[in-house]
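[1] kindly generate the corresponding structure for this input.
(one chain, ligands or ions: 1)
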Amino acid sequence: MEDLLLIPGPVQLSPAVLEALARQPLAHTSPEFIGSFGSSLDMLGKIFLSKTAQPMIVSGSGTLAMECAISNLIEPGDKALVVSSGYFGDRFQPLIERHGGEVTLLSVEAGEAPSAEAAETMLEHGGYRLMTVTHVDTSTGVATDIKRFAEIARRHNVLLVVDSVCGIGGMEFRMDEWDVDLCLTGSQKALAAPAGLAILMIGQRALERFHARKEPSRSYYADWAQWLPIMKAYSECRPAYFATPAVNLFSALEATLREILAEGIENRWARHKQMSSFFKDELEQLGFEAVPSGRAVAATTMSAYYYGKLADSTLCSKVKNRGVTLAGGIHKDIKDRYFRVGHMGNVTESQLEQALKAIKSCL
Ligand SMILES: *Cc1c(COP(=O)(O)O)cnc(C)c1O
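    A predicted model of the protein is given here:
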């Protein structure tokens, strides 16, 4: 029997997604592929809740989605505020610097949520062009209040780039209503597709900023000047080529997006909330202490808990011997002291019960 995969991405795939992966590849210029790509672009609008943003799907992982955003929005000398709640938030700093931007880092202790007030104080000192915020930092399981950060971004006229790799599809996110400029994700987390697709929703202000660039993006592959015409063509059911899309992954993505919309995005958020409360309550009853500083700032797509006195860093390998794959820690300050469990996508409560049983038997 296969292991039960419960890490914060990649996640288990549904039968329809597996089937899409197993078919012979489509020609990337065929009407079938173009139709499928076009529908996926269309469905993304319904999942990010945006009628106005430009969807973009490029072969590559979530990190490419981050670079695709930054390399097109940052010009040499631009000041950026990087609001970080952990490992993935921190990653924006070298990325922005690589593209010539100047970074101010606003970070918090592991488990704390970043404060919008602190960010606003920094923005008041002016001159920032862009702010990055991580919706769910997968290293700590902390969720950030994106709506609040969007309000302050608007007040200070900076572009807001949100990394929702571990949020979109599982946690509430309203791109238009909250007025976010760019939101990015990867295919293998709460969207429950295989790893390998970088997904962006680019708002109108971000597009304007891109079109006003003084010099072209320094990235050849990630350049929106190359990709925007391709996305337009696919939306209009015309063939176009810049670089070969990972065709089978696109078929798998289409299958999962259809499943998400069939469930209903708000129902899906509610289901994740319920699974998360169930799982967190059970772990806390066993005596585990959460990494996030409170339930209000804890993500519902995953859980992060300290081993405490109950276990140690051998827990994941012991649980693996019982057929359940969990993840260890990655936050630099607490790395060896905690473990992480992904419960996003198609995970069911009975699978979480199986994981709890395996964990209990290892304590
Ligand atoms: C996983 C993750 C990434 C990186 O995505 P890759 O697909 O591993 O490149 C970035 N940000 C967050 C919040 C993530 O969870």
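[2] for the rest of this, base every contact and every neighbour count on C-alpha atoms.
    Fine.
[3] can you tell me the closest non-neighbouring residue to Ser277?
    Excluding its sequence neighbours, the residue lying closest to Ser277 (CA to CA, 6 or more residues apart in numbering) is Thr300, at 7.7 Å.
[4] my guess is the one you found meets Glu172, correct?
    No - contact criterion CA atoms under 8 Å: Thr300 and Glu172 do not qualify, at 9.8 Å.
[5] which of the two has more neighbours?
    Using other CA atoms under 10 Å as the criterion, Thr300 and Glu172 rank with Thr300 on top: 30 against 19.
[6] how is the more buried one assigned, secondary-structure-wise?
    coil (DSSP: H, G, I helix; E, B strand; the rest coil).
[7] so which residues of the stretch 151-300 of the chain form strands?
    159-163, 182-186, 197-202, 289-290 (DSSP state E, counting those that start in this stretch).
[8] helices and strands around the second one, which ones?
    Think strand 182-186. Counting contacts by 3 or more CA pairs under 8 Å, 6 or more residues apart in numbering; DSSP states H and E, strand 182-186 packs against helix 62-73, strand 159-163, strand 197-202.
[9] okay, the ones you listed in JSON lines with distance to the ligand, mean pLDDT and mean neighbour count next?
    Listed next are these as JSON lines, based on distance: least, CA to the nearest ligand atom, whole Å; pLDDT from 0 to 100; neighbours: other CA atoms under 10 Å:
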{"stretch": "helix 62-73", "distance to the ligand": "3", "mean pLDDT": "98", "mean neighbour count": "24"}
{"stretch": "strand 159-163", "distance to the ligand": "6", "mean pLDDT": "98", "mean neighbour count": "26"}
{"stretch": "strand 197-202", "distance to the ligand": "8", "mean pLDDT": "98", "mean neighbour count": "25"}
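[10] compare the ones you listed and give me the one nearest Ser235.
    Evaluated over the helices and strands packed on strand 182-186, closeness to Ser235 peaks at strand 197-202, with 14.1 Å, by CA to CA.
[11] how about residues contacting stretch 16-36?
    The contact list for stretch 16-36 (CA atoms under 8 Å, 6 or more residues apart in numbering) reads 193, 234, 237-241, 244-245, 247-256.
[12] select only the buried ones of those in PyMOL?
    Here is the PyMOL selection string for the buried members of those, based on 16 or more other CA atoms under 10 Å:
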select buried, resi 193+234+237+238+239+240+245+247+248+249+250+251+252+253+254+255+256
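[13] next up, the contacts around the nearest residue to Lys189 once chain neighbours are set aside.
    The shortest distance from Lys189 to any residue other than its chain neighbours is 4.6 Å, reached at Gly9 (CA to CA, 6+ apart). For Gly9, the contact set (CA under 8 Å, 6+ apart) comprises 188-190, 342.
[14] that older thread, take the contacts of stretch 16-36 and keep only those in helices.
    234, 247-256 (DSSP state H).
[15] closest to the ligand among those residues?
    The ligand has its nearest neighbour among the ones in helices among the contacts of stretch 16-36 in Leu249, at 13.7 Å by CA to the nearest ligand atom.
[16] pretty sure the closest one contacts Gln188?
    No - in this structure Leu249 lies outside contact range of Gln188 using CA under 8 Å: 10.5 Å.
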